[in-house]
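Novice: sequence and computational prediction follow.
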Amino acid sequence: MSTLASDTAMVMAAGMGKRMRPLTASQPKPLVRVAGKPLIDHTLDRLKDAGVAKAVVNVHYLADALEAHLSERRSPEVIISDEREALLETGGGMVKAQEHLPDPFFCLNSDNIWLEGPRSAFHDLSARWNPEVMDALLLLVPHGSARNFQGKGDFHMDAMGKVTRRRSGRIAPFIYTGIQLVSHRLLRDAPEGKFSTNIFWSRAIEEGRLYGSAFTGQWFEVGTPQAIGPTEEALKRG
């Protein structure tokens, strides 16, 4: 098995989970159960299986419940990045947690569910990683392997793996899975407070340093209560 590019992942778990209401009225979205276990446990189990030793998890909405659940976790080791005072979004969340994050680090959403291809998503990213030319490497899935996804796609990718955003009026062939491998260089000169990772990505695209890797497995969009049933059925079939 190939070597991992990092032993640490940041798991984004601070959001309000508005699209998942009413299930998130009394619990944070990462604790919503799919196929018998909380969403965040699907994510953490994948990290464990791949050999990622540490997970830095940011918390904000109903943080006490999420932190209590995570306190029972032994592998990967969980480090809490506390955003109770202010929700910082994805970019601000990474900057706040940066002291806990090696260079590079994996970053992923806490509501990801996927079935691996021939090797794990994290080993796929590690095999493609080249810090000389990349600030971030995004795991992208083609439309045919994105279950429950209804959008027009996110990115175009050229033969070298460089990505650009979906063009106006076009369908983009690749969807961002919520999983990426990130260099500290991406986080330089960050704005204050809350902001989206899109700010970093736009600069990296301009500099020709945002790349993608096509995922070889199946990925599930689990953003709404309606997506849970079809996802559970697909997981049963494997």
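Specialist: Thanks, I have the structure now. Residues are numbered from 1 along each chain as shown.

Novice: list the residues that contact the most centrally placed residue in the chain.
Specialist: The residue at the geometric middle of the chain, judged as the C-alpha nearest the mean C-alpha position with C-alpha atoms, centre = their mean, is Leu108 (2.0 Å). The contact partners of Leu108, taken as C-beta atoms under 8 Å, 6 or more residues apart in numbering, are 9-12, 43, 178-180. (Each C-beta comes from the backbone N, C-alpha and C, glycine too.)

Novice: mind checking pLDDT for it?
Specialist: Note for Leu108: predicted pLDDT of 97.

Novice: before we move on, what SS does it have?
Specialist: Counting by DSSP: H, G, I helix; E, B strand; the rest coil, the backbone at Leu108 sits in strand.

Novice: list just the nearest of the contacts of Leu108 to Val32.
Specialist: Proximity to Val32 was ranked across the contacts of Leu108 by C-beta to C-beta; first place goes to Thr43, at 12.3 Å.

Novice: what residues sit buried inside whatever helix or strand the closest one lives in?
Specialist: Using DSSP states H and E, the secondary-structure element containing Thr43 is helix 39-50. Of all the residues in helix 39-50, those buried under the rule 16 or more other C-beta atoms under 10 Å are 39-44, 46-48, 50.

Novice: tell me the helix or strand right after it.
Specialist: Tracing the chain past helix 39-50, the next element assigned as helix or strand by DSSP H and E is strand 54-59.

Novice: tell me which helix or strand comes right after that following strand.
Specialist: Past strand 54-59, further along toward the C-terminus, the next helix or strand under DSSP H and E is helix 63-70.

Novice: residues in contact with that next one?
Specialist: For helix 63-70, contacts defined as C-beta under 8 Å, 6+ apart pick out 13-14, 27-28, 30-31, 38, 40, 57, 59, 78, 80, 82-84.

Novice: for stretch 162-173, same thing?
Specialist: Contact with stretch 162-173 is made by 138, 140, 142-143, 152-158, 174, 205, 208, 210-212, as judged by C-beta under 8 Å, 6+ apart.

Novice: can I get the buried part of those as one PyMOL selection?
Specialist: This is the PyMOL syntax for the buried subset of the contacts of stretch 162-173, where burial follows 16+ other C-beta under 10 Å:
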select buried, resi 138+140+153+154+155+156+157+174+205+210+211+212
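
Novice: helices - which of the contacts of stretch 162-173 land there?
Specialist: When those are checked against helices using DSSP state H, the ones located there are Ile205.
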